[in-house]
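predicted coordinates and the sequence they were generated for:
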Number of protein chains: 2
Amino acid sequence: MPLTAPLDLEASAIDITRHLCDIESVSSNEAAIADVIEASLSGCSHLEVIRDGDAVIARTNLGRAQRVVIAGHIDTVPLNNNLPTRFETIDGVDYLWGRGTVDMKAGVAVQLKLAAELVAPSVDVTWIWYDHEEVAEFLNGLGRIQRNRPDLMLGDFAILGEPTRSEIEGGCNGNLRIEVRTFGLRAHSARAWVGHNAIHDAAPILGILADYQPLEVEVDGLVYREGLNAVGIAGGVAGNVIPDECVVQVNYRFAPSKSADDAERHLREVFDGFDVTVIDKAEGARPGLTAPVAASFLAAVGGEAKPKYGWTDVARFSALGVPAVNYGPGDPLKAHADDERVELAQITECERGLRAWLLT
Amino acid sequence: MPLTAPLDLEASAIDITRHLCDIESVSSNEAAIADVIEASLSGCSHLEVIRDGDAVIARTNLGRAQRVVIAGHIDTVPLNNNLPTRFETIDGVDYLWGRGTVDMKAGVAVQLKLAAELVAPSVDVTWIWYDHEEVAEFLNGLGRIQRNRPDLMLGDFAILGEPTRSEIEGGCNGNLRIEVRTFGLRAHSARAWVGHNAIHDAAPILGILADYQPLEVEVDGLVYREGLNAVGIAGGVAGNVIPDECVVQVNYRFAPSKSADDAERHLREVFDGFDVTVIDKAEGARPGLTAPVAASFLAAVGGEAKPKYGWTDVARFSALGVPAVNYGPGDPLKAHADDERVELAQITECERGLRAWLLT
């Protein structure tokens, strides 16, 4: 069967995952996979299907008391000789190997299968499969929907299918990126005393970072681990010139009990006396587990909810007032890895959890 | 008169400087100026003229008891809208403004004028005008002559016309460049505790540099000021990745009483425990003022000799056992500057000093 044919959504979620992964869809190249998804749902009379750029939205309109939004992105980071997919067994564990298997086509496959299968779920469902998650924020497909059609994202609860090993991970840390700069005066390095060395002046900045003790913060019962790290440093003009500027790029991951403004204020205190420029600032999202509908989801999935450390698009739902969690197959440490691979049992488990809840 | 015509070496050294500067000769583009120099000397029957690539060597063979070598480079650093030259008067001081005026065509102009004029100097003179001084060491024209025809560089004393405000500057500091590296482990910055931050580990390297007290070292009566500086720093993979490497490029200018091996040993002690790679290593040169012929030069020029801080090609003469000093018009702080300009009085003074000595 050609990859561009509609999916057989009665196949297993594992086989659907493999089919989706083998349709290469690196960010900005999602048209083909979006076409396949749209075509695959065309026979589902219980779904209203909307196309927005290379995002596909499908929703039930059953007049249920509650609506949940279940979303996943369909793009991947660039390939590195890791397509087409293959099955692997390592130490007795079965995997599907290849780009996109973890981040996050296994989650999308489970969602697509259930979207087609569940003609009468216990809640109304809005399914969203979107483009451009792995690239610059302004391109993000869910961000585009948030700007143009926020009504499509509204509901009592949202689930984002990012990889969580099929366990519930609530909310996400916020993300702040700043540049801390020192300034000097250029001079020939043979006469250094005529100038002033900006790189030497960066010594206390690195000292502060090396000594910083990141907090662990409890929010709605989950403990979020923060982090403050230099992610880049640059300075220097030439091998014989005293440098007049040094820039340290610092990334702060902060607990969702803090606003991004709180986080910025904290960093301005930490780097008091230095030139600080904010270059990226994203709110975190509280765990979203206090809503009654979240409790029934937790009960259906089982296990214990954990905090999500990385920033994810759950924050977009949070910003609209919709409590949201992450829930999807795959080990997040394998996302973007050259040996990206998803454990098959996690695909089946995610499918079981979601189905059980949507049929409650 | 077209710029490519032979020079009028009976003109003033100031006018010859202007003519030489207006022949653009950024490194690797010295053919035209070398042709002009060679042609300008063709009528001088007291000189043996040798062409080597784009270097021109001219020497007397008068059977004098002593031979001195007087050298200067004919290339410049790249232009920055600072050609053609112009005369300027600032606060009553007359200057020639433009690329090459300081570094070092004023010195070359004085040398060319005297080479043509002095048919019977008191010592035999080897004049060397060479290419590629402002670029990578392996391209240096004097280095090429040193490898292929070291006999052309031999003498009892050598003078390099690098800018010294027409005062004698003895020897030069040595120059060592190293890279000091730290290593970490990459991880997503949302889960920093999985990795290890190499930029944070560079904090003590910058601390050592910021705290370092450079020495002042007396060598043969001159005090050399040392310097230890970061001239570059780089680290970082992406805005959301814990960096696994950080490199600090360090430049050590050391007194000529130390060998380059001594200097390397010192830096390996200073950065003990860090990964250190030597990327550039050049011996210094002792002042060269103890030779009897140097004393007569000092007497003719007048004033007091000073140390040269920057590395210059005097070290090549020093390596051949020829004592050597720097002596030329222009403020070294204006070398390579966008507002490069030479004080006219220094051109005249350099001409006077050299002529007086060569006629002693």
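Yep, it's here.

can you tell me the closest non-neighbouring residue to A:T277?
The shortest distance from A:T277 to any non-neighbouring residue, by C-beta to C-beta, 6 or more residues apart in numbering or on different chains, is to A:E179 (4.6 Å). Every C-beta, even on glycine, is put in place using the N, C-alpha and C of the backbone.

could you check how many residues crowd around the one you found?
A:E179 is flanked by 16 other residues according to other C-beta atoms under 10 Å in any protein chain shown.

now do A:G43
Residue neighbour count, defined by other C-beta under 10 Å, stands at 10 for A:G43.

cool, A:T360 as well?
By other C-beta under 10 Å, 13 other residues sit near A:T360.

the residue nearest to it when sequence neighbours are not counted and chain B: what is the separation?
Distances taken as C-beta to C-beta, 6+ apart put A:S122 closest to A:T360, at 5.2 Å, once the chain neighbours are dropped. The gap separating A:S122 from chain B is 34 Å, by C-beta to the nearest C-beta, to the nearest Å.

centre-most residue in chain A?
Geometric centre of chain A, nearest residue: A:T312, 3.3 Å, by C-alpha atoms, centre = their mean.

residues touching that one, list them.
Taking C-beta atoms under 8 Å, 6 or more residues apart in numbering or on different chains as the contact definition, A:T312 lies against A:L160, A:E162, A:C172, A:A285, A:N326.

how much space between it and A:G161?
According to C-beta to C-beta, to the nearest Å, A:T312 and A:G161 sit 10 Å apart.

how about A:A324?
Taken as C-beta to C-beta, the span from A:A324 to A:G161 is 11 Å.

between these two, tell me which one has more neighbours.
Neighbour comparison, A:A324 and A:G161: the larger count goes to A:A324, with 32 against 25 (by other C-beta under 10 Å).

for chain B, what's the nearest residue on the stretch 51-200 of chain A?
Across the stretch 51-200 of chain A, the shortest distance to chain B (C-beta to the nearest C-beta) belongs to A:A190, at 3.4 Å.

phi first, then psi, for that residue.
When read as degrees, to the nearest 10, the backbone of A:A190 gives phi -80, psi -20.

what lines up beside the lowest-mean-pLDDT helix or strand in chain A in the sheet?
Every helix and strand of chain A was ranked by mean pLDDT, DSSP states H and E. The lowest is strand A:187-188, at a mean of 86. Paired with strand A:187-188 in the same sheet, following DSSP bridges, are strand A:241-242 (antiparallel).

which elements pack onto whichever strand or helix holds A:D35?
Element membership for A:D35 (DSSP states H and E) is helix A:31-40. Here helix A:31-40 touches strand A:48-52, strand A:55-59, helix A:106-117, going by 3 or more C-beta pairs under 8 Å, 6 or more residues apart in numbering or on different chains; DSSP states H and E.

quick one, which of the ones you listed is packed in tightest?
Highest mean neighbour count among the helices and strands packed on helix A:31-40 (mean count of other C-beta atoms under 10 Å in any protein chain shown): helix A:106-117, with a mean of 26.

most surrounded residue in the contacts of A:T312?
Neighbour counts for these, by other C-beta under 10 Å, peak at A:C172, which reaches 32 neighbours.

okay, and the beta partners of it?
Listed beta-bridge partners, A:C172: A:A285 (assigned using DSSP bridges).

would you check that it makes contact with A:K306?
No - counting by C-beta atoms under 8 Å, A:C172 sits too far from A:K306 to count as a contact (11.6 Å).

quick revisit: contacts for the least confident helix or strand of chain A next, please.
With C-beta under 8 Å, 6+ apart, strand A:187-188 has contacts from A:W193, A:V194, A:G195, A:H196, A:N240, A:V241, A:I242, B:G310, B:P332, B:L333, B:A335, B:H336.

buried residues in the biggest helix by length in chain A?
With secondary structure taken from DSSP state H, chain A has its longest helix at helix A:344-358. For helix A:344-358, burial by neighbour count (16 or more other C-beta atoms under 10 Å in any protein chain shown) applies to A:344, A:346-355, A:357-358.

and which of these is nearest chain B?
So of those, ranked by how close each gets to chain B (C-beta to the nearest C-beta), first place is A:Q346, at 18.8 Å.

quick one: low-confidence ranges for the stretch 201-350 of chain A?
Along the stretch 201-350 of chain A, the model assigns pLDDT under 70 to no residue.

get me the contact residues on it for chain B.
Neighbours of chain B within the stretch 201-350 of chain A, by C-beta under 8 Å from any C-beta of the partner chain: A:201-203, A:206-207, A:209-210, A:214, A:225, A:227, A:229-243, A:246, A:248-249, A:251, A:253, A:280, A:309-311, A:332-333.

just the buried members of these?
Buried residues within these, counting neighbours by 16+ other C-beta under 10 Å: A:201-203, A:206-207, A:209-210, A:214, A:225, A:227, A:229-236, A:240-243, A:246, A:248-249, A:251, A:253, A:309-311, A:332.

of those, which belong to strands?
Counting by DSSP state E, those place A:225, A:227, A:229-236, A:241-242, A:246, A:248-249, A:251, A:253 in strands.

what sits against the closest residue to A:D201 other than its chain neighbours?
Spatial nearest neighbour of A:D201, chain neighbours left out: A:T182 (3.9 Å); criterion: C-beta to C-beta, 6+ apart. A:T182 makes contact with A:A198, A:I199, A:D201, A:A202, A:I205, A:E245, A:C246, A:F274, A:D275 under the criterion C-beta under 8 Å, 6+ apart.

ok, how many other residues are close to A:P292?
Residue crowding around A:P292 was assessed by other C-beta under 10 Å; the count is 10.

now swap in A:I199 and tell me
A:I199, neighbours per other C-beta under 10 Å, totals 29.

quick check: phi and psi at it.
Torsion angles, degrees, to the nearest 10, at A:I199: phi -70, psi -40.

is it in contact with B:I205, as I believe?
No - with contact defined as C-beta under 8 Å, A:I199 and B:I205 do not form a contacting pair (9.9 Å).

tell me, what's touching the two both at once?
Both A:I199 and B:I205 are contacted by B:V248, under the criterion C-beta under 8 Å, 6+ apart.

number of nearby residues for A:R186?
By other C-beta under 10 Å, 17 other residues sit near A:R186.

out of the contacts of A:T182, name the two that are farthest from one another.
Taking C-beta to C-beta, the two most distant members of these are A:I199 and A:D275; they sit 14.6 Å apart.

okay, and the common contacts of A:T312 and A:G161?
A:N326.

picking up where we left off before, any idea of the angle the helix holding A:D35 forms with strand A:55-59?
Following axes from the mean of the first three to the mean of the last three C-alpha atoms, to 10 degrees, one obtains 20 degrees for the angle between helix A:31-40 and strand A:55-59.

model confidence over helix A:31-40, on average?
What helix A:31-40 shows for mean pLDDT is 98.

now it - C-alpha only, PDB.
Extracted as PDB, the C-alpha positions of helix A:31-40 are listed here (Å, rounded to 0.1, in the frame of the first residue of the first chain):
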ATOM      1  CA  ALA A  31       1.300  18.600   3.800                       C
ATOM      2  CA  ALA A  32       1.500  14.900   2.700                       C
ATOM      3  CA  ILE A  33       0.900  13.500   6.200                       C
ATOM      4  CA  ALA A  34      -1.900  16.000   6.900                       C
ATOM      5  CA  ASP A  35      -3.500  14.900   3.600                       C
ATOM      6  CA  VAL A  36      -3.300  11.300   4.600                       C
ATOM      7  CA  ILE A  37      -4.900  12.000   8.000                       C
ATOM      8  CA  GLU A  38      -7.700  14.100   6.600                       C
ATOM      9  CA  ALA A  39      -8.500  11.400   4.000                       C
ATOM     10  CA  SER A  40      -8.400   8.700   6.600                       C
END
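
which non-adjacent residue is nearest A:P121?
In this structure, A:P121 finds its nearest non-sequential neighbour in A:L358, 4.2 Å apart by C-beta to C-beta, 6+ apart.

same question, A:S296
A:T360 is the one closest to A:S296 (C-beta to C-beta, 6+ apart), at 5.9 Å.

contacts only, for the one you found.
A:S122, A:S296, A:A300.
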